[in-house]
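# What follows is a predicted protein model with its sequence.
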Amino acid sequence: MKTIQIGLLGLGTVGSGVLQMIQENQAKVAKVTGCELKVKRVLVRHPENYQAVADQVALTSDVDELLNDDDLQIIVELMGGIHPAQEYIEAALKQHKNVVTANKDLIAVAGPQLSQLAQANHCDLMYEASVAGGIPILRTIANSFAADEITAVKGIVNGTTNYILTQMTQQHWSYAQALSKAQELGFAESDPTNDVTGKDAAYKMVILSQFAFGTDVQTSDFKVTGIDQLQAFDVAKAQDFGYVIKLIGLAQVANGGVFVEVAPVLVAQSHPLAAVQNENNAVMVTGKAVGDTLFYGPGAGGLPTANSVLSDITTVTKNLVLQTNGNQFNNYHQHYVPAAPTDVKYPYYLSLTMPDIPGQMLQLTQIMTDLGASFSEIAQEPASDGETAHVVIITHTMDEQQLHAFQARIEQSPTLTLQAAYKVLN
Ligand SMILES: NC(=O)C1=CN([C@@H]2O[C@H](COP(=O)(O)OP(=O)(O)OC[C@H]3O[C@@H](n4cnc5c(N)ncnc54)[C@H](OP(=O)(O)O)[C@@H]3O)[C@@H](O)[C@H]2O)C=CC1
Ligand SMILES: N[C@@H](CC=O)C(=O)O
């Protein structure tokens, strides 16, 4: 039986899961691909920390030992970050090595260029694990939605923040305690800033938008808000209104343009996304023909993510057998046209503070009326200082332009302060 030799760049949470899966699932892989997989060399920064596997693989901190090894037909990049991962992947592709990666940062920033480089060198570049960890969402969109016109992709695409929000809501853990546990469990990035600020989810929405709509949208093209500024007050108020706050990635077609955003959203408790707990992710793909479909599973963690990496490795292996490497993972490309703000419409949750003096509610109602907006629910309570009042509103549907106008009017008000404005998903 032919042996496909693999080089791993990185042996952390995901890398060690990949090594374990390759070792434990040889028999099935051999039946499916007709080949045996062998991890020959592994790159890490500190080989001394990995002595437990030193008898199974050749450990090195010198990438050239992998790039110059002609036996290696697949390089699996699981280090994370943009540099030096990008340079290593480029060098591997130029050496005609197929590449598998879970690196959403890099794919979101340089995916199209890297895909072209791979194709020019008749190599595969696959990255199923870069979005939603263990959920096989990219290959599903590329293959199973090849003909249907996708109108929206929305969901929970960051496991760390969903874990934090779940623990804060259900166990009443502090934000810091929940984040620390997510790090300990290997869900968070080595620097969790991108998780909590929404950037990790934004990278994933860039990749999802490329697959769903063919558009090469960049993170700088859309608004990204994380959970790092989320107030416990709003989490509790959302619950009172029958909602749960989730960090939602949203990409939708609106009147021919594409709208993308990552932000906390109030999700109705009856909505399927509200039930997604802990590090699990869920992606709802809406197609014109098929309607709503929902893909659910672990969005982070060693073995779930390793399963997606193995799905790529076995696909590359089958292509090696058939000598068909070099086709792009996603070959749907079209020009990105942003949606007009008037074409994107949602109800909003608005949280405001105001002095506890007469006339404030009248002022707020007047602003809403001037903008042609109205509210369906409202709650008011004195703030803890006894001098200000806190008002929360669920509006009827407003468009993005009305929301921006509302924010501008509140900024001009000497007494009203907008604390939070979140979309509502019913
Ligand atoms: N963790 C998860 O649940 C998921 C992660 N991903 C993605 O998978 C990738 C890997 O994540 P994860 O396994 O969590 O990361 P870890 O931080 O757990 O592991 C990183 C590994 O890469 C090595 N490494 C990092 N930088 C270098 C470098 N410059 N040169 C050589 N080796 C290096 C580290 O070696 P050393 O220890 O010696 O520094 C370590 O072995 C990332 O792109 C991440 O975004 C995707 C989906 C889910
Ligand atoms: N840090 C990421 C890991 C998977 O992509 C997350 O929490 O989702």
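Okay, I see it. Numbers count the residues shown, from 1 in each chain. Ligands and ions are numbered 1, 2, ... in the order given.
# Dig out what Asn98 forms beta bridges with.
Beta-bridge partners of Asn98, counted by DSSP bridges, are Ile74.
# my guess is it meets Val316, correct?
Yes: with contact defined as Cβ atoms under 8 Å, Asn98 reaches Val316; the gap is 4.7 Å. C-beta coordinates here come from the backbone N, C-alpha and C atoms, glycine included.
# Looking at those two, which has the bigger crowd around it?
In this view Asn98 and Val316 are compared by other Cβ atoms under 10 Å, and Asn98 has more residues nearby, 29 against 23.
# In contact with the more buried one: list those residues for me.
By Cβ atoms under 8 Å, 6 or more residues apart in numbering, the contact list for Asn98 reads Gln73, Ile74, Ile75, Ala118, Cys123, Asp124, Leu125, Val316, Asn319, Leu320, Asn325.
# List just the nearest of the residues you listed to Val424.
Leu125 (38.7 Å; Cβ to Cβ).
# what about the closest one, neighbour count?
For Leu125, using other Cβ under 10 Å, the count is 27.
# of all the residues in this protein, which ones are close to ligand 2?
Applying Cβ under 6 Å from any ligand atom, one finds that the chain approaches ligand 2 through Gly133, Asn158, Gly159, Thr160, Phe187, Ala188, Glu189, Asp195, Asp200, Gly299, Ala300.
# check contacts around the fourth one.
The neighbourhood of Thr160, defined by Cβ under 8 Å, 6+ apart, consists of Leu179, Ala182, Phe187, Ala188, Glu189, Pro192, Asp195, Val196, Asp200, Glu279, Ala300.
# Over to the first one?
Gly133 is in contact with Gly159, Glu279, Asn281, Gly297, Pro298, Gly299, Ala300, Gly301, Pro304, Thr305, Ser308, counting by Cβ under 8 Å, 6+ apart.
# and the stretch 251-400 of the chain, which residues reach ligand 1?
Close to ligand 1, as judged by Cβ under 6 Å from any ligand atom, the stretch 251-400 of the chain has residues Ala300, Gly301, Thr305.
# and if you look at the stretch 51-200 of the chain?
So the stretch 51-200 of the chain meets ligand 1 at 78-80, 84, 102-104, 129, 133, 186-187, 189-190 (Cβ under 6 Å from any ligand atom).
# I'd like the average pLDDT over stretch 406-423.
In this model, stretch 406-423 has a mean pLDDT of 97.
# Buried residues, that stretch. List them.
Phe406, Arg409, Ile410, Leu416, Ala420, Ala421, Tyr422, Lys423 (16 or more other Cβ atoms under 10 Å).
# for it, how far is the first residue from the last?
End-to-end distance for stretch 406-423, by Cα to Cα, to the nearest Å: 14 Å.
# ok, so of the contacts of Asn98, who is nearest ligand 2?
Taking Cβ to the nearest ligand atom as the measure, ligand 2 lies nearest Leu125 of those, at 18.0 Å.
# how about that closest one, what does it touch?
Here Leu125 is in contact with Ile89, Leu93, Asn98, Val99, Val100, Thr101, Leu114, Ser115, Leu117, Ala118, Gln328, Phe329 (criterion: Cβ under 8 Å, 6+ apart).
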